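Enquirer: Starting from these lines, generate the structure:
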Amino acid sequence: MLFPVLGYLIGASSGTKVPVIEGLLPQTTEDQLKALGAAAASSGAVAMFHAAGVTPEAETLQDAFHHQEPEKIIPVTLADLRQTLAHLGTVPDGDIDVVALGSPHFSLDEFGQLLPLLEAYPPNPGVEFIVCTNRLVLDGLGQRGWLDRLRDAGAQIVVDTCVVVTPIVHAQKGVLMTNSGKFAHYSPGNIGLQVIFGSLEECVRSGALGKVWRDEELWKS
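Expert: Predicted structure coming up:
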């Protein structure tokens, strides 16, 4: 959940600049960087970023800056992240009508995290549960036998598009919950739904209840 929130903060702080991020762990995954980049490009005009010690062109901070000084240094605190988190929602926690995941499109690894959660907490019949991905991942889901399991658990799998550019969501009003910084940013303006942001587990368990469920330990420290 950290990465879309951090990305949203970075985008809002960077505008059209190219940010360099110091402090991410070396084992940061491609999916985490993907979520960060999509959120940064939503709140700002960030077309590229470097993560020192993580992205291959920036083995060190000096490599990222070509041994020049940065224009500006912006420390990021937990309080900053909590404040950004608050901006990703447009309404207080309560009833939800839609769960939308997959912006950027879900990877096989992300589906591997989703599937056991979804089978443990299948969506409430009154909640649309949509996951966006691409055709290559769809083939992988079929080969692993996951596609039928996901659909049987109540997920609607959407391929090669997403809910903010194609009229997929049936609900004409109400609240959409997502773990995507990009969906959180664009859904109110593009499809007219209010937004609540949460982790993957929070989204799945909220979809099962029909109202927001929170993991109170996530942002304590």
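Enquirer: Spell out, range by range, the strands that occur in this structure.
Expert: 20-21, 50-51, 98-101, 128-133, 156-159, 175-178, 194-197 (DSSP state E).
Enquirer: Skipping its backbone neighbours, what lies nearest the most centrally placed residue in the chain in space?
Expert: For the chain, the residue whose C-alpha lies nearest the mean C-alpha position (C-alpha atoms, centre = their mean) is residue 180; its distance is 2.4 Å. Nearest non-adjacent residue to residue 180, counting by C-beta to C-beta, 6 or more residues apart in numbering: residue 103, 4.2 Å away. For every residue, glycine as well, the C-beta is placed using N, CA and C.
Enquirer: thought that neighbour was touching residue 132?
Expert: Yes: here residue 103 reaches residue 132: they are 6.1 Å apart, a contact under C-beta atoms under 8 Å.
Enquirer: what residues do these two have in common as contacts?
Expert: Taking C-beta atoms under 8 Å, 6 or more residues apart in numbering as the criterion, residue 103 and residue 132 both touch 162, 163.
Enquirer: Looking at the strands of the chain, spot the one closest to residue 9.
Expert: strand 20-21 (10.6 Å; C-beta to C-beta).
Enquirer: Can you name the residues in contact with that closest one?
Expert: Outside strand 20-21, the residues that reach it (C-beta under 8 Å, 6+ apart) are 6, 10, 36, 49-52, 54, 58, 61, 64-65, 70.
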